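Asker: pasting the sequence and the predicted model now:
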There are 2 protein chains.
Amino acid sequence: MTPETPAVGATPPTAQGTRLDPWLDAYADRAHSMRASEIRALFAVANRPEVVSLAGGMPYLEGLPLGVLGELSQRLVATRGTTALQYGSAQGDETLREQILDVMHLEGIDAHPDDVVVTTGSQQALDLVTRIFVNPGDVVVAEAPTYVGALGVFRAAQADVVHVPLDADGLIPAALEETLTALARAGRRVKLLYTVPNFHNPAGVTLSASRRPQILEIAHRFGVLVLEDNPYGLLGFEGDPIPALRSLDADGVVYLGSFSKTFAPGYRVGWAVAPHAVREKLVLASESAILCPSSASQLAISAYLSTCDWRGQIKTFRELYRERRDAMVGALAEHLPSATWTVPDGGFYTWVKLPAGLDAKAMLPRAVTARVAYVPGTAFYADGQGGDHMRLSYCFPTPDRIREGVRRLAGVVAGESELVSLFGVSDPHGPLGVQQPGPDLA
Amino acid sequence: MTPETPAVGATPPTAQGTRLDPWLDAYADRAHSMRASEIRALFAVANRPEVVSLAGGMPYLEGLPLGVLGELSQRLVATRGTTALQYGSAQGDETLREQILDVMHLEGIDAHPDDVVVTTGSQQALDLVTRIFVNPGDVVVAEAPTYVGALGVFRAAQADVVHVPLDADGLIPAALEETLTALARAGRRVKLLYTVPNFHNPAGVTLSASRRPQILEIAHRFGVLVLEDNPYGLLGFEGDPIPALRSLDADGVVYLGSFSKTFAPGYRVGWAVAPHAVREKLVLASESAILCPSSASQLAISAYLSTCDWRGQIKTFRELYRERRDAMVGALAEHLPSATWTVPDGGFYTWVKLPAGLDAKAMLPRAVTARVAYVPGTAFYADGQGGDHMRLSYCFPTPDRIREGVRRLAGVVAGESELVSLFGVSDPHGPLGVQQPGPDLA
């Protein structure tokens, strides 16, 4: 056949007229769920310095000893450059995996370095675990609300997310049992229970110690693997950390950890701890996805852990974030008494319920105009719930800025409430929504 | 329901007796294709210093100015740490994306920074493009042989890989046309043509300039997106680079680039250049997979590009690898005249055809015993072909070690040939195979 002969079944992209994307027909099914958020443009505005962003989950890094870290980097590249700049093992650097055991030991986890897989942030571990377990149409059970970045992963895997409510003590065991029973009766295949037990993103609540064995028992009874996502566990404001779910059940839990909140996210180093056979799959999946995690990043973190007072640094962060939490809840009490909110014992977020009739999504453009930003509650549900909530982050702005942000927000809420009392409730089915996590929402 | 009530549809993992992996029934379909290679253990041995490894694709980093790079790292963290250690955009640092345009300009590519997506090595870009386009059962067309790491990605996506032969001038246009015609007649959906046009891994050949428009025309006519994987393009030993496929067709090609071979793999920084709508999907897919690429890695490479003579460094690498290529082909001519091999004009690999009757896979354990390692040809095919070939890498060992390695290999081949002449051909269906790329095979 010569190039001039029309090919059988040919669909030349340019022959399709005015269509904007010539590859539209070629995408995989999973790609059709990948949609840019309509509020992206708003968040671009929200990143301007005059806007107080209570939206992002960026840790505050100015407290880090950057001079010391710079010297560590210099020494690492100059003296160990042929290792730090080379490919490494897909599972991750062995010394770092041993150090990760020390970190996890603070939450009662007893593991072996072989159980640990280092990933490009714990987000990659979340993605890999999901790819290993979830077929299209499988069910993933998650808290209501849940982490927006997990929803993006589950959507890309074409999972059906079923929410289970939480309260001030975290995921409610009876509700979990009821949901799993109903799903089993309906013949649905539940693959994962995804949970953020500590200082929940976005809800700010913590799964109580007494509920932890109950949750594990229920998951075990229904044959559901627990995916414990714990980026904030060491950032508690009072007392010692509650033992991790993984510390109570080594076979039924895949644990996800991260240096992004307790040290720095820019290295993109997280990890998973998984039962033996699952860990083997994780290594193979990671190798296929990225070959290996960055040696430079891993060795930089390893050097930090071995030469700096990382426990002291975490204590510094805890105090910093407690002060900001106090500024946030103080300002809410002062300026927004008509709302209700969770008072987190750690982490980055409070979950605010708006006065009746207000819709956080519809209100966001006006808030940004008033130079304050937040994430509407709908972002944290797979099913459109959450319009009456918003997530406020106190991790990045200073206490003064937090107070100013809440003050501005209160003005927007007051104006919106007045509109609602005049014209009825705002449209809860407006066009805005967060379909993807976005690094600024992490 | 109380915790004591037996749950409907419960499958408690521990109730399944002696089975080693309690989660075996829970894996997604795609996970069943993830298998550890049986030759892993051999490669672990092959990494011992007494073994000459002609197996790995690790670049030789001792030529890098590590002292200067260390100082750059120090300054970066000390003065820009709150950016370098923070989350960044999912698409990648804007300055780096502009600098990547300068790199690609050397191969005739004219693009806009908005077209570039920075990824965790180009492996991640390969994985993301595949996830965006390939449904289970879709066809990916690839050269015979092809990059082992791409086969791992296509397998994880449950694609059917159909090979098209190459010769000394790369992928054969008539063979591509014939294959696409047959696939169209059979009603198969071909989503991607995956090609490594320059200094092919593993074949060592380069797609000639005259064939490039022909390949593009055929792909276009059949509506197949071209995935151009080009980690080695700037590492040619003679003359200027041949213009990239992407330089001839901006709408029909997704181009993958990498700093792993021209600078250093330890940062894990690669990129994709894609048509507008595909690029948007890529950013969303990357955000879901890892939130964002490492700021620390990106800014380190950006600082290197803006303050060091990176073009001069690439020239140094070219000369270094040319000397090693010469050592390799010289030693093959001297010690293994019964084999045939490609003489690459650049890159890291030569593709060796063994004397009749020998099987590279069956021979590998004996080679490792003789303290030399290579990758059997079967690793580079989806369908079990390639047992009569091996890939030899000359990138990492010094010329003297390369010569010593080939000498040892010649001894193994001689012994194996004697066995074959006495007892007949070795078993081409032995148990050994490479099912996963492995960072050491990159």
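Answerer: Arrived safely.

Asker: where along chain A do the helices fall?
Answerer: A:40-46, A:66-84, A:94-105, A:121-133, A:148-156, A:173-185, A:211-221, A:245-248, A:276-290, A:295-307, A:310-335, A:360-369, A:399-423 (DSSP state H).

Asker: in chain A, which segments are predicted with low confidence?
Answerer: Applying pLDDT under 70 to chain A flags residues A:1-19, A:36-42, A:425-442.

Asker: how distant is stretch A:213-222 from the center of its chain?
Answerer: 23 Å (CA atoms, centre = their mean, to the nearest Å).

Asker: surely A:Val139 meets A:Val164?
Answerer: No: the pair A:Val139 and A:Val164 fails to qualify as a contact (CB atoms under 8 Å) at a distance of 11.3 Å. For every residue, glycine as well, the C-beta is placed using N, CA and C.

Asker: most packed of the helices of chain A?
Answerer: helix A:121-133 (a mean of 27; mean count of other CB atoms under 10 Å in any protein chain shown).

Asker: CA atoms of stretch A:178-186 as CSV?
Answerer: Taking C-alpha atoms only, stretch A:178-186 is exported to CSV below (Å, rounded to 0.1, in the frame of the first residue of the first chain):
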residue,chain,number,x,y,z
GLU,A,178,-24.5,0.3,58.1
THR,A,179,-23.0,1.5,54.8
LEU,A,180,-20.9,-1.7,54.3
THR,A,181,-23.9,-3.9,55.1
ALA,A,182,-26.0,-2.0,52.5
LEU,A,183,-23.3,-2.2,49.9
ALA,A,184,-22.8,-5.9,50.5
ARG,A,185,-26.5,-6.5,50.2
ALA,A,186,-26.5,-4.5,47.0
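
Asker: ok, that stretch near chain B or not?
Answerer: Yes: on the criterion CB under 8 Å from any CB of the partner chain, stretch A:178-186 is in touch with chain B at A:178, A:180-181, A:184-185.

Asker: from these, pick the one nearest B:Gly239.
Answerer: A:Leu180 (65.4 Å; CB to CB).

Asker: separation between the closest residue to that closest one other than its chain neighbours and A:Pro275?
Answerer: Nearest non-adjacent residue to A:Leu180, counting by CB to CB, 6 or more residues apart in numbering or on different chains: A:Phe222, 4.5 Å away. Distance of A:Phe222 to A:Pro275, computed by CB to CB, to the nearest Å: 17 Å.

Asker: what angle do the longest strand along chain A and helix A:148-156 make?
Answerer: Secondary structure of chain A per DSSP state E: the longest strand is strand A:160-167. Here strand A:160-167 runs at an angle of 150 degrees relative to helix A:148-156 (axes from the mean of the first three to the mean of the last three CA atoms, to 10 degrees).

Asker: ok, and what's touching strand A:160-167?
Answerer: Outside strand A:160-167, the residues that touch it by CB atoms under 8 Å, 6 or more residues apart in numbering or on different chains are A:137-146, A:151, A:154-155, A:171-172, A:175-176, A:179, A:183, A:188, A:190, A:200, A:203, A:205, A:381-383, A:385.

Asker: dump the residue contacts of A:Arg30.
Answerer: Contacts of A:Arg30 (CB under 8 Å, 6+ apart): A:136, A:156-158, B:131-132.

Asker: returning to what we had before: neighbour-wise, which of A:Phe222 and A:Pro275 wins?
Answerer: Remark: of A:Phe222 and A:Pro275, A:Phe222 carries more neighbours, 23 against 19, as counted by other CB atoms under 10 Å in any protein chain shown.

Asker: for the more buried one, what are phi and psi?
Answerer: phi -90, psi 0 (degrees, to the nearest 10).

Asker: that one and A:Val190 touch, don't they?
Answerer: Yes: contact criterion CB under 8 Å: A:Phe222 and A:Val190 qualify, at 6.7 Å.

Asker: quick check: neighbours shared by these two?
Answerer: A:180, A:184.

Asker: enumerate every residue touching the residue nearest to A:Tyr60 when sequence neighbours are not counted.
Answerer: Excluding the flanking residues, the one nearest A:Tyr60 by CB to CB, 6+ apart is A:Phe396, at 5.5 Å. When contacts are counted by CB under 8 Å, 6+ apart, A:Phe396 touches A:53, A:56, A:58-60.

Asker: now with 7 Å, please.
Answerer: Neighbouring residues of A:Phe396 by CB atoms under 7 Å, 6 or more residues apart in numbering or on different chains: A:53, A:56, A:58, A:60.

Asker: will you turn the residues you listed into JSON lines that also has distance to A:Gly347 and neighbour count?
Answerer: As requested, those are exported to JSON lines (distance: CB to CB, whole Å; neighbours: other CB atoms under 10 Å in any protein chain shown):
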{"residue": "A:Ser53", "distance to A:Gly347": "17", "neighbour count": "23"}
{"residue": "A:Gly56", "distance to A:Gly347": "14", "neighbour count": "23"}
{"residue": "A:Met58", "distance to A:Gly347": "13", "neighbour count": "21"}
{"residue": "A:Tyr60", "distance to A:Gly347": "13", "neighbour count": "18"}
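
Asker: what about the residues you listed, which are in strands?
Answerer: Per DSSP E, the contacts of A:Phe396 map to strands at A:Ser53.
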